[in-house]
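> What would the 3D arrangement of this be:
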Amino acid sequence: MRIAIASGKGGTGKTTIAVSLALSARADAQLLDCDVEEPNAGLFLGQGDAIERAVTVPVPVIDTAKCVACGACASFCEFNAIVHVGTTVMVFPELCHSCGGCALVCPSGAITEAPSEIGCLTESVVRREGLPDLSFYQGLLSIGKAMSPPVIRAVKDRAERRAAEALSSGLRPSERERLAIIDAPPGTSCPMGTAVTGVDFVVLVTEPTPFGLHDLDLAVKTVRKMAIPFGVIVNRSDSGDDRVETYCAKEGIRILMQIPEDRRIAEGYSEGIPLVVSAPEYRERFAALTEGLNR
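Got it, this is the predicted structure:
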């Protein structure tokens, strides 16, 4: 079961919910922080030693000895990552989308590809008292790099590969059916779409404010377009009005949980303490929510 936690805007409590669901899961679980431009789920987890891996993408390299300056590569590239000026061909790796098309259209075989580092991913283990360990994966986009989807895909691919390794090792069925919680980037652009692609369910986290409702509507339209089942959690539910409840009722959207403002949660958050530790009565609610979605 793969559950993505998303939101139309930042600051709604998306990471708080993702961490709470992962820590409360009664079975073997993974937590993937795919908010790679500003990952912060790890701040709330007591992690073991982390393994770090570079994330690279292929970018074109021009062999000037072979290049005939025909301009075919520049004409093909829709992102202006290759520019042809007179007898010179220039590559701008930061604009490249690594499609490989330039190498395919080059008539003289002057273009090869070389790996370019754009970020890193780390994996570690979080110990949970009385429960199976939580596998934690986090992506981080390098400063100055513009494209986060490749890093997000690297995090998801690594977690899926580890789950497949566990499956092939002959573990018990309960251990094979690993729960994956994905903390998606905020908003509704390409990074969010990359994070929620292929999941079984999306939990949209919102707040009962005009901005919260506006961006919730954008997120709802996005996941509906992607044909992914979803529900809503209303965070700080008593801080605004009933506009989100009215909207969900009109749109036939299930409200999975409402979390009112609580000083314990706010103080714990400021100290890096998970919600389910600051307010332990929520642990059972999050566990039941996860199990309910898995049925």
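> what's the closest non-adjacent residue to Ile62?
Val89 (5.4 Å; CB to CB, 6 or more residues apart in numbering). C-beta: built from backbone N, CA, C; applies to glycine.
> Surely the one you found touches Pro60?
No. Val89 is beyond contact range of Pro60, at 9.4 Å (criterion: CB atoms under 8 Å).
> Could you tell me which residues touch both of the two?
Common contacts of Val89 and Pro60 (CB atoms under 8 Å, 6 or more residues apart in numbering): Cys73, Ile82.
> beta partners of Ala4?
Ile182, Val202 (DSSP bridges).
> ok, longest strand in the protein?
strand 111-126 (DSSP state E).
> Buried residues, it. List them.
Buried residues in strand 111-126, counted by 16 or more other CB atoms under 10 Å: Ile111, Ser116, Ile118, Gly119, Cys120, Leu121, Thr122, Glu123, Ser124, Val126.
> next one: stretch 257-264
Buried residues in stretch 257-264, counted by 16+ other CB under 10 Å: Met257, Ile259.
> And it, end to end?
18 Å (CA to CA, to the nearest Å).
> List the contacts of it.
13, 233-239, 265, 275, 278-279, 282, 285, 289.
> With stretch 139-150 instead?
33-34, 36-37, 39, 55, 57, 94-95, 97-98, 117-122, 151-152, 154-155, 185, 190-191, 194.
> where are the low-confidence patches of the protein?
Within the chain, the ranges that satisfy pLDDT under 70 run 167-177, 295.
> care to break it down by domain?
2-46+127-293, 58-116 (automatic domain parsing).
> Return the most buried member of these.
Sort those by mean neighbour count, taking mean count of other CB atoms under 10 Å, and domain 2-46+127-293 sits at the top with a mean of 19.
> end-to-end on that one?
First-to-last residue span, domain 2-46+127-293, CA to CA: 10 Å.
> Mind checking what helix or strand follows the longest strand of the chain in sequence?
The C-terminal neighbour of strand 111-126 among helices and strands, as given by DSSP states H and E, is strand 134-141.
> Alpha carbons of that following strand, as PDB, please.
Extracted in PDB, the C-alpha atoms of strand 134-141 (Å, rounded to 0.1, in the frame of the first residue of the first chain):
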ATOM      1  CA  LEU A 134      10.800   2.200  10.000                       C
ATOM      2  CA  SER A 135      12.800   2.500   6.800                       C
ATOM      3  CA  PHE A 136      13.400   6.200   6.000                       C
ATOM      4  CA  TYR A 137      14.400   7.600   2.600                       C
ATOM      5  CA  GLN A 138      15.100  11.300   2.000                       C
ATOM      6  CA  GLY A 139      16.000  13.100  -1.200                       C
ATOM      7  CA  LEU A 140      17.800  16.500  -1.300                       C
ATOM      8  CA  LEU A 141      18.100  18.600  -4.500                       C
END
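> Please state the offset of it from the chain centre?
How far strand 134-141 lies from its chain's middle: 10 Å, per CA atoms, centre = their mean, to the nearest Å.
> ok, for Gly42, nearest residue in space, not its chain neighbours?
In space, Gly42 is closest to Gln138, 5.6 Å off (CB to CB, 6+ apart).
> Kindly provide the distance from that neighbour to Ala54.
The spacing between Gln138 and Ala54, counted by CB to CB, to the nearest Å, is 14 Å.
> State the phi and psi torsions of Arg127.
Main-chain dihedrals, Arg127, degrees, to the nearest 10: phi -80, psi 130.
> got a list of what the nearest residue to it once chain neighbours are set aside touches?
Excluding the flanking residues, the one nearest Arg127 by CB to CB, 6+ apart is Asp133, at 6.0 Å. For Asp133, the contact set (CB under 8 Å, 6+ apart) comprises Asp28, Val125, Val126, Arg127.
> now swap in Thr16 and tell me
Per CB under 8 Å, 6+ apart, neighbours of Thr16: Asn235, Ile265, Tyr269, Pro274, Leu275.
> Kindly report the same for Arg128.
If you count contacts by CB under 8 Å, 6+ apart, then Arg128 has Leu23, Leu134 around it.
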